[in-house]
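# give me the fold of what follows.
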Amino acid sequence: MNRYIVLIEGGYMRPALKMFGDPPPEVSYLKLSEHFASGDERLRTYYYDAAPFQSASPTPDEKRRKAEFDRLTQALERLPRTQVRLGRLQRRYENGQWRFSQKRVDVLLAVDLVQLSCEKLIQRAVIVGTDSDFVPAIQTAKNAGTVVQLCRVPGSRVNDELLRAVDEVIPFDQTLLDLIKVERPEP
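Down below sits the predicted model:
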């Protein structure tokens with residue numbers, strides 16, 4: 001039986017879900033991962049992200065964002081065949097304001113994709129994210145025989161080089177959202 005992995009870039013997923021409404025819909029990452037099965041066995045789902053910034057004396061908003069992040073990553077870690085990979089958030093002062101950027105997140109995703117492909121542990125990889133930094137890793141995975149699919153929200157920005165690098169594009173549209181959305185009972 002063929003095996004596949006799902007690689008979810010948290011820094012893409014949050015704004016992508018906001019495209020469906022504010023507040024963004026809550027989704028089942030397990031349902032999302034299993035949606036891509038197509039008769040294959042899911043080896044694992046990897047979720048890549050960096051914790052939000054917290055100052056030495058965190059504001060109530062910083063505390064809230066960190067608590068939400070912790071709840072999400074802890075819930076993900078409890079899912080079967082799911083692993084959370086964390087990079088770090090870098091803060092720098094630039095042009096009169098603080099800027100934040102994730103570090104190591106893309107590299108962690110690229111390493112997993114290349115390693116699992118080159119060791120022939122997977123035949124297919126689904127990437128939920130649109131960073132063009134993945135292109136060399138995608139090309140290496142494809143050279144090892146892995147079919148690489150990109151799942152993206154139609155209308156979200158994506159680099160043409162990335163679109164050319166992947167084998168297939170899967171739309172993350174309302175139909176998919178309806179399949180994976182967590183429905184909460186009305187109070």
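# show me what the longest strand along the chain is packed against.
Ranked by residue count, the top strand of the chain under DSSP state E comes out as strand 41-49. Contacts defined by 3 or more CB pairs under 8 Å, 6 or more residues apart in numbering; DSSP states H and E place strand 41-49 against strand 3-9, helix 10-18, helix 29-35, helix 60-78, strand 82-86, helix 105-118. Using the backbone N, CA and C atoms, a C-beta is placed for each residue, glycine as well.
# alpha carbons of the last one, as PDB, please.
In this case it means helix 105-118. Extracted C-alpha coordinates of helix 105-118, given in PDB (Å, rounded to 0.1, in the frame of the first residue of the first chain):
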ATOM      1  CA  VAL A 105       9.800  26.400  10.200                       C
ATOM      2  CA  ASP A 106      10.400  26.100   6.500                       C
ATOM      3  CA  VAL A 107      13.600  24.100   7.000                       C
ATOM      4  CA  LEU A 108      11.900  21.600   9.300                       C
ATOM      5  CA  LEU A 109       9.200  21.000   6.700                       C
ATOM      6  CA  ALA A 110      11.800  20.700   3.900                       C
ATOM      7  CA  VAL A 111      13.900  18.200   5.900                       C
ATOM      8  CA  ASP A 112      10.900  16.000   6.700                       C
ATOM      9  CA  LEU A 113       9.800  16.000   3.000                       C
ATOM     10  CA  VAL A 114      13.200  15.200   1.600                       C
ATOM     11  CA  GLN A 115      14.100  12.600   4.300                       C
ATOM     12  CA  LEU A 116      10.900  10.600   4.000                       C
ATOM     13  CA  SER A 117      11.000  10.800   0.200                       C
ATOM     14  CA  CYS A 118      14.600   9.800  -0.100                       C
END
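# name the surrounding residues that touch that helix.
Contact with helix 105-118 is made by 5, 7, 9-11, 43, 46, 48-50, 85-87, 122, 125, 127, 129, 131, 133-134, 136-138, 140-141, 144-146, 148, as judged by CB atoms under 8 Å, 6 or more residues apart in numbering.
# tell me how many other residues surround Y12.
The tally of other residues near Y12 (other CB atoms under 10 Å) stands at 22.
# what is the neighbour count of the residue nearest to it when sequence neighbours are not counted?
Spatially, and ignoring its direct neighbours in sequence, Y12 is nearest to G129 (4.0 Å; CB to CB, 6 or more residues apart in numbering). Neighbours of G129 under the rule other CB under 10 Å: 23.
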